[in-house]
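1. okay, sequence plus prediction incoming.
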There are 2 protein chains.
Amino acid sequence: MSTSARPSPASSRQPLDVQPLLAALEQRLGYWLPAGHESDRVCSAMREGVLAPGKRVRPLLLLLVARDVDAGDAADPLGLLDFACAVEMIHAASLMLDDLPCMDDAALRRGRPTSHRQFGEDVAILAAVALVSRAFGVVAQAHGLSSECRTQAAASLSCAVGLQGLVQGQFRDLRYGKGARSAEAITATNELKTSVLFDAALQMAAFATGADAAARQALARFARDLGQAFQLLDDLSDGAEGTGKDAHQDADKSTLIATLGACTVRNRLHAHLQSAERHLAKACPHGDDTRFFVRAFFDRQLARLS
Amino acid sequence: MSTSARPSPASSRQPLDVQPLLAALEQRLGYWLPAGHESDRVCSAMREGVLAPGKRVRPLLLLLVARDVDAGDAADPLGLLDFACAVEMIHAASLMLDDLPCMDDAALRRGRPTSHRQFGEDVAILAAVALVSRAFGVVAQAHGLSSECRTQAAASLSCAVGLQGLVQGQFRDLRYGKGARSAEAITATNELKTSVLFDAALQMAAFATGADAAARQALARFARDLGQAFQLLDDLSDGAEGTGKDAHQDADKSTLIATLGACTVRNRLHAHLQSAERHLAKACPHGDDTRFFVRAFFDRQLARLS
């Protein structure tokens, strides 16, 4: 599809209001992670890890892409929320693990003490594992979606977590992050750390809406560019106030900023965003909520840095 | 079904040879966990955690029960092996996590250095999480089984890992294992630590073979008794040679042996085994390989202790 066939440009529309989606998402997360007895610290750590205020980028992307891909609203909205909850649980678990003393040893996350600081290392690890497991349980039971769709989603999510995804990205960051790395090696690690879970989220939206192979391929390319842009934004934000994370956590890491400089990184970020929009337009002929959301998100985050 | 309707007693049969099943299982585990590049320590830790010699009790139970329940061999044998692999991956991951310095801080497992001693704490944690995720991926892609069956199996496995299963059992052991506990509290924790994964394995066999609700309920009761018997055997084995684990790992724990004494524990173990056999007979009208396997296993293990 050429860009001329895209819907009206985002700038001519009413600002996209994601609050209703966010509210529905957080209500559903609470449904899957009900409060337990006060003494059940693992339950508390799971809830804190997932329900603490966050940007919810991955589940929102899943929900928005499902809307933009699926003109006929074929997918069960509650089932889509379930898929979105599963993705957010995986993301929260990955943050809890990344923050551990034997990994990044972080003190702050989302403006609060990290999970192991609040609950102890053992509870943080158990809660993260329980969240990963819960995520797959939620996918397996997602409301109103076919068994076929749920198994496709589970397989996709499994790849995103494991040896070709988050786990491998974190391992490479831990082992090689402090030595000199080529820009290519950093880009490859960033893809594992960020793009693969974006891709899994979008593929889950595609499975739920019955999107065709061409749309799924375009979404995969969108995810790759978007993941890179996100990671570059994260690198640019290190040291900035208001991230809710330890400042200068990456000070001794070989990021692309250390390798190429902030100016080149900003240019790369914009190039990835432009490429991401092109792929997105191919996948989503029926709406541009996703494009609007991504553009607004980056505009806001980049404005805070300048 | 009354006990008189059971097949010929195990004692009148040829000894059950599980070697062909074991060989097929280990070959399939190798298929799902192929060797990676030497530098990929997470991959090595995953393989070591799963492929190091073990008793394979959970996957063997799954395979044997599927045979005993399913006279018509309705389930795809390779799909059953896939389910069995997933259960073994979850079990291996739980051992790697239990052994961590912030948990049981164990040095030996299956006669070898524990995962964090071999690979470092960060790699051990990442490998365990990758195994949990891989297990769900394997279930989602299990060969020749219906999507419906695979989603049922994933939901069952998710419950066994999470807040109502292994994670909760380990948490209670860590938090309350060293203080005084009632026999009831210890039994409840043992159920979470052992019975729930047995149950998930057996329910997965039941889903794959299309067993009815009555058989599934009988298998759940069998799993509960068998899990208790296993945990008591494990307690009795603490300090014995040849377990492959740290000796006297439970010396400061409030086990049932410390609470009730070894003689009462042995009697309880036998009572659980008898009860387990009764439930098993109800679930499995078509064969008694499982009963034979369980009996031979406990006879062998108990003989080593006397």
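-> Cool, got the structure.

2. output the lowest mean pLDDT helix or strand found in chain A.
-> None of the helices or strands of chain A scores lower by mean pLDDT, DSSP states H and E than helix A:256-260, at a mean of 83.

3. show me the contact partners of that one.
-> When contacts are defined by Cβ atoms under 8 Å, 6 or more residues apart in numbering or on different chains, helix A:256-260 is touched by residues A:181-183, A:186-187, A:190, A:232, A:235-236, A:238, A:264-265, A:268. Heads up, the C-betas are built off the backbone N, CA and C, glycines and all.

4. next: stretch A:181-188.
-> Contact with stretch A:181-188 is made by A:172, A:176, A:189, A:228, A:254-256, A:259-260, as judged by Cβ under 8 Å, 6+ apart.

5. just say helix, strand or coil for the nearest residue to A:Asp82 once chain neighbours are set aside.
-> Closest residue in space to A:Asp82, ignoring its immediate chain neighbours: A:Ala142 at 3.8 Å, by Cβ to Cβ, 6 or more residues apart in numbering or on different chains. What DSSP: H, G, I helix; E, B strand; the rest coil gives for A:Ala142 is coil.

6. buried residues, the least confident helix or strand of chain A. List them.
-> Using 16 or more other Cβ atoms under 10 Å in any protein chain shown as the test for burial, helix A:256-260 gives A:256-258.

7. ok, back up a step: now intersect the contacts of helix A:256-260 with the helices, please.
-> In this view, the contacts of helix A:256-260 that belong to helices under DSSP state H are A:183, A:186-187, A:190, A:232, A:235-236, A:264-265, A:268.

8. so which bits of the stretch 151-300 of chain A are right by chain B?
-> The stretch 151-300 of chain A has residues A:151-152, A:154-155, A:157-159, A:161-163, A:167-168, A:170-171, A:174-175 near chain B, with proximity defined as Cβ under 8 Å from any Cβ of the partner chain.

9. any idea which element A:Ala23 lies in?
-> helix A:19-32 (DSSP states H and E).

10. ok, and for the helix or strand just after that helix, which residues are buried?
-> Scanning forward in sequence from helix A:19-32 by DSSP H and E, the next helix or strand is helix A:41-51. Applying a neighbour-count criterion of 16+ other Cβ under 10 Å, one finds A:41-50 buried in helix A:41-51.

11. mind listing the helices for the stretch 1-150 of chain A?
-> With DSSP state H, counting those that start in this stretch, the ranges of helices along the stretch 1-150 of chain A come out as A:19-32, A:41-51, A:57-69, A:77-98, A:115-119, A:121-140, A:147-161.

12. most packed of those?
-> helix A:121-140 (a mean of 28; mean count of other Cβ atoms under 10 Å in any protein chain shown).

13. other SSEs contacting it?
-> helix A:41-51, helix A:77-98, helix A:115-119, helix A:147-161, helix B:77-98, helix B:121-140, helix B:147-161, helix B:166-176 (3 or more Cβ pairs under 8 Å, 6 or more residues apart in numbering or on different chains; DSSP states H and E).

14. tabulate the CA atom coordinates of the third one in PDB.
-> So that's helix A:115-119. The C-alpha coordinates for helix A:115-119 follow below in PDB (Å, rounded to 0.1, in the frame of the first residue of the first chain):
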ATOM      1  CA  SER A 115      11.100  -5.500  43.800                       C
ATOM      2  CA  HIS A 116      14.000  -7.100  45.600                       C
ATOM      3  CA  ARG A 117      14.500  -4.000  47.700                       C
ATOM      4  CA  GLN A 118      10.800  -4.000  48.700                       C
ATOM      5  CA  PHE A 119      10.300  -7.800  49.100                       C
END
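
15. nice, that's everything, thank you.
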